[in-house]
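Visitor: One predicted model, sequence on top.
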Amino acid sequence: MRSPSSRLAQVFHAAKAEGRSAFVGYLPAGFPTLEESKQHVATLAQYADLIEVGIPFTDPMMDGPTIQHAADVALENGFRVKNTFDVVRAVSEAGGKAVIMSYWNPVLQYGPERFAHELAEAGGLGSIIPDLLPEEAERWSKACYDNDLDPVYLVAPSTTAERLKITTEAGGGFVYAASHMGITGAKEQVSSTAEELVARVREVTDLPVAVGLGVRDGEQAASIAAYADGVIVGSVLIQAVESGTLEELARELAGGVRAQ
């Protein structure tokens, strides 16, 4: 396991020092266009403690219709993997912190070592790659280690005690706790199993635990912030980009993590 006080982990420790949970927001790079996405992440950086910069992909196995649609639009408008670093840099220049969220294939095709180097140069702190298992991640783990990046792994309510230990020992920065099984997307109610999952994760690691998949408003953010180190919000932020209400929603969510 990497240091629980890495640069990425410090994002969560800083929020905890303020007596609150961290607000983690997801937006896809290149949506709806590259230049507009850079503007949107700069706006989000004023409210979110951490931004997940998504890499649009043609076969997103765990993404719901909102993220799939955004990826399709970005790809149609000419997005390329190399543009990811422009968006990460826009986060950094706005004073924010960023990680990337991607499937493994785009990283592998780009070249893991080259990708990690360019991510670090742009100011990125780590990666979330849902379809890369810890036992298959030796090459990526080394590339991250060489560039002071944290590989973040996901756990779910179905994750066994043995897998929890393996996963948390392999990762760094924080643990991404998926609140429910299935694809992403805002839910009317976040699964009640999330709190139990966070407790299970904390039994095996000192890494911060952030809960994602389903958060749609400040009230839900506040309910998760009461027990998790971070609240991850994705699909509803994309919808806010489309409706022109991104800053309003980001402000509400930032207030939510401070309201518990």
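Guide: That came through, no problem.
Visitor: For the rest of this, base every contact and every neighbour count on C-alpha atoms.
Guide: Will do.
Visitor: how about the helices of the stretch 51-200 of the chain, start to end?
Guide: Here the stretch 51-200 of the chain has its helices, by DSSP state H, counting those that start in this stretch, at 65-76, 84-93, 104-110, 112-121, 138-146, 161-170, 193-202.
Visitor: Please identify the most buried of the ones you listed.
Guide: Highest mean neighbour count of the helices of the stretch 51-200 of the chain: helix 84-93, a mean of 24 (counted as mean count of other Cα atoms under 10 Å).
Visitor: outside of that helix, which residues touch it?
Guide: Residues from elsewhere that reach helix 84-93, judged by Cα atoms under 8 Å, 6 or more residues apart in numbering: 29-30, 34, 37-39, 41-42, 45, 51, 53, 55, 97-100, 118-119, 122-124.
Visitor: Kindly report the same for stretch 217-236.
Guide: Residues contacting stretch 217-236 (Cα under 8 Å, 6+ apart): 12, 16, 20-27, 66-67, 184-186, 189-190, 195, 198, 208-216, 249, 252-260.
Visitor: Take those and keep only those in strands.
Guide: If you go by DSSP state E, these have 22-27, 209-212 in strands.
Visitor: Neighbour-wise, give me the winner out of these.
Guide: V211 (31 neighbours; other Cα atoms under 10 Å).
Visitor: residues touching that residue, list them.
Guide: So V211 contacts 176-179, 194, 198, 224, 228, 230-232 (Cα under 8 Å, 6+ apart).
Visitor: As a markdown table, the residues you listed with pLDDT would be great.
Guide: Output for the contacts of V211, formatted as a markdown table (pLDDT from 0 to 100):
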| residue | pLDDT |
| --- | --- |
| Y176 | 97 |
| A177 | 96 |
| A178 | 91 |
| S179 | 80 |
| A194 | 91 |
| V198 | 96 |
| I224 | 94 |
| A228 | 97 |
| G230 | 98 |
| V231 | 97 |
| I232 | 97 |
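Visitor: Throw those into CSV and include distance to R139, thanks.
Guide: Shown next, in CSV, are the contacts of V211 (distance: Cα to Cα, whole Å):
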residue, distance to R139
Y176, 21
A177, 24
A178, 25
S179, 29
A194, 31
V198, 28
I224, 34
A228, 30
G230, 28
V231, 29
I232, 27
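Visitor: what's the closest of the residues you listed to P151?
Guide: For these, the minimum distance to P151 (Cα to Cα) is 10.7 Å, reached by Y176.
Visitor: How much space separates the residue nearest to the closest one when sequence neighbours are not counted from D131?
Guide: The shortest distance from Y176 to any non-neighbouring residue, by Cα to Cα, 6 or more residues apart in numbering, is to L154 (4.7 Å). Relative to D131, L154 is positioned 9 Å away (Cα to Cα, to the nearest Å).
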